[in-house]
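Student: Got a predicted structure plus its sequence, pasted below:
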Amino acid sequence: MMRNLKLSASVFPGIIFFSCLLLYLYSTLLPFYAHSPTESHNSLTPSTPAFSPSPPQCNLFHGNWVEDPSHEPIYDETCPFHRNAWNCLKNKRDNMGRINSWRWVPSGCDFPRIDPVGFLGLMRNRRIGFVGDSLNENFLASFLCILRVADAGAKRWKRKGAWRGAYFPKFNVTVAYHRAVLLAKYEWQPKQSAPSDQDGREGIYRVNVDTPADDWVNITDFYDVLIFNTGHWWGPDKFPKEKPLVFYKAGKPILPLLGMHDGFKVVLKNMISYIQKKVPSKTLKFWRLQSPRHFYGGDWNQNGSCLFDKPLEESQLDLWFDPRNNGVNKEARQLNLLIEEALQGTDIQLLDLTHLSEFRADAHPSIWLGKKDAVAEWGQDCMHWCLPGVPDTWVDILSEEIRYRLDRRQDFD
């Protein structure tokens, strides 16, 4: 009996120590497992940012469009920041009431519309910059018109190389767009060879893959939030074989000569590297994935049209956009794969607006372009978006992503 008591006395402190050790490890490691992988849509992004993941249990980028007659835009055709060709109310586009009655409902979460006053209050004394092609300008125009609801004294702003923008004096907030369609610097070089040369080229567009375009090279530490994109100019309609892109690095042509998609990958690699090196880590960085086109019956220069009166069904999307079907609208998903791969291992967040926009074949300016003979000259516009319209939902999502990340950053400060 005494031997058993002595044994218990010698074992008991060890049990106490081991139990305390387990409790310590549990309390230390618990925060890292508070959210399971299925509770976060961080899988949408190729890397985990230092400051926060995306909102738990809420995938803003996947869901469905629900028709809601009470859902109306918060600005109209009188907004001074409209671009005429996208001002579909002013241009009397058919069906605008129904176009704006569709509300995006993400899967598994409550998703409020942007509160312009609250958002500008959050961004007080800060700056937001868009860099890229005209679809980022389309995005910006929506953003400016929405924010102006909270500050009617907003003024046009075109400094630091900005193509267009606005300053909101009540909140000391600047939002602007820098046009850089390839992100890298490029320039036209006319042909210098003798007229007898029969290769058919009129010259080349020299792309310096390691040099940012002049429009944004000096703004890397100016903005608190940056949204990048490129993609819509990477096609033979912009750069035909008579005027091809030729890619240079360190002042010399890259040999063998690169095709369009290989050149796109090299530019992405170099521009992303530049962003990672030159943009401060405290800056919130986003990359907007491709905005889908909706040309039906041919491309923009082949009488393609988009005269639809409602969104596409989900069952139709692959037929329209899957590259394996080789349709005229395949570019978005093709380029997205290359962009997502290039962003692996960075702190640049994906703004994946492609899927939700694929549904909206009904929401482009189409033939209502606000200019006589525009359709005869350029074809229908089934690439840009009516305003008000789909980009307003992009703004809702971007503002929520910014708000969430700033809130989480404060938690870590």
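Tutor: Received, thanks.
Student: List the buried residues of stretch 230-247.
Tutor: Within stretch 230-247, the residues that count as buried by 16 or more other CB atoms under 10 Å are T230, G231, H232, W233, W234, F239, P244, L245, V246, F247. (Each C-beta comes from the backbone N, C-alpha and C, glycine too.)
Student: I'd like the mean pLDDT over it, please.
Tutor: On average, the pLDDT along stretch 230-247 is 93.
Student: ok, back up a step: which of the buried residues of stretch 230-247 lies closest to H384?
Tutor: Nearest to H384 out of the buried residues of stretch 230-247 is H232 (CB to CB; 9.6 Å).
Student: Doesn't the closest one belong to a strand?
Tutor: No - with DSSP: H, G, I helix; E, B strand; the rest coil as the criterion, H232 is located in coil rather than a strand.
Student: hang on, it packs against S134?
Tutor: Yes - using CB atoms under 8 Å, H232 makes contact with S134 at a distance of 7.1 Å.
Student: these two touch, right, L353 and F286?
Tutor: No - applying CB under 8 Å as the test, L353 and F286 come out as separate, 10.3 Å apart.
Student: Distance from the chain centre to the helix or strand that contains R98, please.
Tutor: Assessed by DSSP states H and E, R98 sits inside helix 96-99. Its chain's average C-alpha position is 24 Å from that of helix 96-99, according to CA atoms, centre = their mean, to the nearest Å.
Student: what do you get for stretch 274-288?
Tutor: The answer for stretch 274-288 is 14 Å, by CA atoms, centre = their mean.
Student: quick one: contacts of it?
Tutor: With contact meaning CB atoms under 8 Å, 6 or more residues apart in numbering, stretch 274-288 is reached by 50, 132, 135-136, 139, 210, 212, 220-221, 223-229, 339, 343, 346-351, 353, 394, 398, 401-402, 405-406.
Student: If you count surrounding residues, which of L353 and F286 has more?
Tutor: L353 (24 against 20; other CB atoms under 10 Å).
Student: separation between the nearest residue to the more buried one once chain neighbours are set aside and L147?
Tutor: Leaving out its chain neighbours, the residue that sits closest to L353 by CB to CB, 6 or more residues apart in numbering is W394, at 5.3 Å. Separation of W394 from L147 (CB to CB, to the nearest Å): 14 Å.
Student: and what of Q302?
Tutor: Taking CB to CB, one finds Q302 at 38 Å from L147.
Student: Those two: which is more packed in?
Tutor: Neighbour comparison, Q302 and L147: the larger count goes to L147, with 26 against 10 (by other CB under 10 Å).
Student: Could I get the full set of helices for the protein?
Tutor: In the chain, the segments counted as helices under DSSP state H are 2-29, 96-99, 116-122, 134-148, 260-278, 317-321, 331-342, 354-358, 374-378, 390-412.
Student: what comes into contact with the second one?
Tutor: The reference is to helix 96-99. E67, C88, L89, R93, D309, K310, D362, A363, C386, G389.
Student: which among the residues you listed end up buried?
Tutor: Here, 16+ other CB under 10 Å leaves C88, L89, R93, K310, D362, A363, C386, G389 buried among those.
Student: give me every residue that touches the second one.
Tutor: Spelled out, it's L89. D76, E77, M96, P388.
Student: give me that answer again for 7 Å
Tutor: D76, E77, M96 (CB atoms under 7 Å, 6 or more residues apart in numbering).
Student: Let me know the closest of these to Y177.
Tutor: Once CB to CB is applied, the member of those that ends up nearest Y177 is E77, at 20.4 Å.
Student: Could you tell me which residues make contact with that closest one?
Tutor: N87, L89, K90.
Student: Save these as a markdown table, and put in distance to G370 too.
Tutor: Listed next are the contacts of E77 as a markdown table, based on distance: CB to CB, whole Å:
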| residue | distance to G370 |
| --- | --- |
| N87 | 6 |
| L89 | 11 |
| K90 | 7 |
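Student: in the stretch 51-200 of the chain, which spans are strands?
Tutor: In order along the chain, the stretch 51-200 of the chain carries the following strands (DSSP state E, counting those that start in this stretch): 59-67, 102-107, 127-132, 155-156, 164-168, 173-179, 184-190.
Student: P116 is nearest to which of those?
Tutor: Among the strands of the stretch 51-200 of the chain, strand 164-168 sits nearest to P116 (CB to CB), with 9.5 Å.
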